[in-house]
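1. Sequence and predicted model, in that order:
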Amino acid sequence: MQLSNMTSKSTISDMETTFTGFLSYVQGQKEAALVIANSTGAVSDAVQELTDAGYQRVDSALQVLKLLSEGVSVAALLTHPLSKEWYDIIVQYTDRGGMIQLMDKSTMEFISAQFDVRKTHFVIVVTAEDLQKIEADGFLIRDKVGLVEQI
């Protein structure tokens with residue numbers, strides 16, 4: 001359920017204030033949040049703001065499961081092409097209310113993560129260009145997230 005859709009365009013100079021406000025809204029959401037960056041520099045700034053706010057940057061789908069299970073909020077930088085694993089995490093984070101299950105391709109076993117969506121948050125960062133390509137491939141990320149911030 002999408003409670004709010006806050007979209008604002010900001011410059012890098014006022015990003016800190018705007019982004020801090022955005023993150024305060026994320027704390028009250030049960031869905032993943034999406035940050036759409038207009039440049040790679042904006043991506044770097046967003047990732048830095050997220051890590052400064054206590055989010056752990058994740059580079060793999062299995063790392064998301066591990067950290068969420070430990071009660072750590074995560075930030076993922078998505079690029080094109082997007083794997084089905086990443087899309088499954090985004091969908092399950094929102095739809096399954098605190099549980100994600102993925103197949104570990106190396107062991108061919110299911111890995112599950114259970115977490116409290118009121119305390120553990122998931123923010124996705126992607127460039128506008130990559131998001132357009134990802135969604136053209138059929139992975140409609142904007143339909144699966146709550147809050148959206150454009151920077």
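-> Yes, it's here. These numbers were taken from a predicted model, which means no experiment stands behind them.

2. give me the element the most centrally placed residue in the chain is part of.
-> Nearest residue to the geometric centre of the chain (CA atoms, centre = their mean): Ile124, 2.3 Å. In this structure, Ile124 is located in strand 122-127 according to DSSP states H and E.

3. Parallel or antiparallel, which strands does that strand pair with?
-> Paired neighbours of strand 122-127 in the sheet (DSSP bridges): strand 33-37 (parallel), strand 74-77 (parallel).

4. Pick the most deeply packed of these.
-> strand 33-37 (a mean of 24; mean count of other CB atoms under 10 Å). Quick note: C-beta positions are derived from backbone N, CA and C, even for glycine.

5. Can you name the next helix or strand after it?
-> Counting by DSSP H and E, the next helix or strand C-terminal to strand 33-37 is helix 40-52.

6. Can you name the residues in contact with that next one?
-> Outside of helix 40-52, the residues within contact range by CB atoms under 8 Å, 6 or more residues apart in numbering are 12, 15-16, 19-20, 23, 35, 37, 57, 75, 77, 123, 125-127, 151.

7. returning to what we had before: verify the stated contact: the residue nearest to the centre of the chain with Leu147.
-> No. When contacts are counted by CB atoms under 8 Å, Ile124 is not listed as touching Leu147 (10.6 Å).

8. Kindly indicate whether the residue nearest to Phe139 when sequence neighbours are not counted is helix, strand or coil.
-> Setting aside the residues directly before and after it, Phe139 is nearest to Tyr87 in space (CB to CB, 6 or more residues apart in numbering), at 4.6 Å. Of the three states, Tyr87 takes helix under DSSP: H, G, I helix; E, B strand; the rest coil.

9. ok, Tyr87 to Glu129 distance?
-> Distance, Tyr87 to Glu129, by CB to CB, to the nearest Å: 18 Å.

10. higher neighbour count, these two?
-> For Tyr87 versus Glu129, the count of surrounding residues by other CB atoms under 10 Å is larger for Tyr87: 19 against 15.

11. sorry, back to before: quick one: contacts for the residue nearest to the centre of the chain?
-> Neighbour list for Ile124: 32-35, 75-76, 78, 90, 141, 145 [criterion: CB under 8 Å, 6+ apart].

12. ok so, going back, from Leu68, how far out is the residue nearest to Phe139?
-> From Tyr87 across to Leu68, the span is 16 Å (CB to CB).
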